[in-house]
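Engineer: this is a predicted model, with the sequence first.
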Amino acid sequence: MDRAFLSASRSLAWTLVRAHRYHAAMASIAAPVLLIHGDRDQLVPVAAARATAHRQAWRYVELEGVGHLPQLQVPDLVAEHILGWLHGRSAAS
């Protein structure tokens with residue numbers, strides 16, 4: 001677990017150093033995006049998730065009391081958000 005956290009932290013640090021590449025990669029996504037983020041994430045700053053979602057005009061959901069792995073911590077809630085988002089997307093089509 002410590003090794004995985006260290007590896008993810010290094011990856012995040014390199015991403016921050018090369019922010020222009022990160023922003024270009026995010027801007028290249030043409031598909032609709034639902035970004036689900038826990039407000040207790042200790043790996044990816046909440047402010048970074050909010051800013052990215054805002055910059056890209058993505059749908060953003062912030063889950064209170066949830067950390068870096070919302071799909072494992074609160075899978076039913078994540079599924080509810082995804083299904084609702086997909087339903088809203090298909091209804092608009």
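Structural biologist: Happy to help now that I have it. Source: prediction; values computed, not measured.
Engineer: residue ranges for the strands of the chain, please.
Structural biologist: 34-38, 59-63 (DSSP state E).
Engineer: packing partners of the last one?
Structural biologist: To tie it back to what came earlier, the one meant is strand 59-63. strand 34-38, helix 46-56, helix 75-92 (3 or more CB pairs under 8 Å, 6 or more residues apart in numbering; DSSP states H and E). For every residue, glycine as well, the C-beta is placed using N, CA and C.
Engineer: output the strands of the chain as CSV; include the columns distance to E80 and mean neighbour count.
Structural biologist: Below are those laid out as CSV (distance: least, CB to CB, whole Å; neighbours: other CB atoms under 10 Å):
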stretch, distance to E80, mean neighbour count
strand 34-38, 11, 19
strand 59-63, 10, 16
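Engineer: okay if I get those as TSV plus distance to H20 and mean pLDDT?
Structural biologist: Shown next, in TSV, are the strands of the chain (distance: least, CB to CB, whole Å; pLDDT from 0 to 100):
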stretch	distance to H20	mean pLDDT
strand 34-38	20	97
strand 59-63	22	97
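Engineer: H23: which of the ones you listed is closest?
Structural biologist: Among those, the nearest to H23 by CB to CB is strand 34-38 (14.8 Å).
Engineer: closest one to R50 among the strands of the chain?
Structural biologist: Nearest to R50 among the strands of the chain is strand 59-63 (6.7 Å), distances taken as CB to CB.
Engineer: what sits against the residue nearest the centre of the chain?
Structural biologist: The centre of the chain sits closest to L35, judged by CA atoms, centre = their mean, with a distance of 4.3 Å. Contact analysis of L35 by CB atoms under 8 Å, 6 or more residues apart in numbering lists 49, 52-53, 58-61.
Engineer: repeat that with 10 Å
Structural biologist: 49-50, 52-53, 56, 58-62 (CB atoms under 10 Å, 6 or more residues apart in numbering).
Engineer: just P75 next, same as before
Structural biologist: With CB under 10 Å, 6+ apart, P75 has these contacts: L69.
Engineer: relative to I82, how far out is it?
Structural biologist: Distance, P75 to I82, using CB to CB, to the nearest Å: 10 Å.
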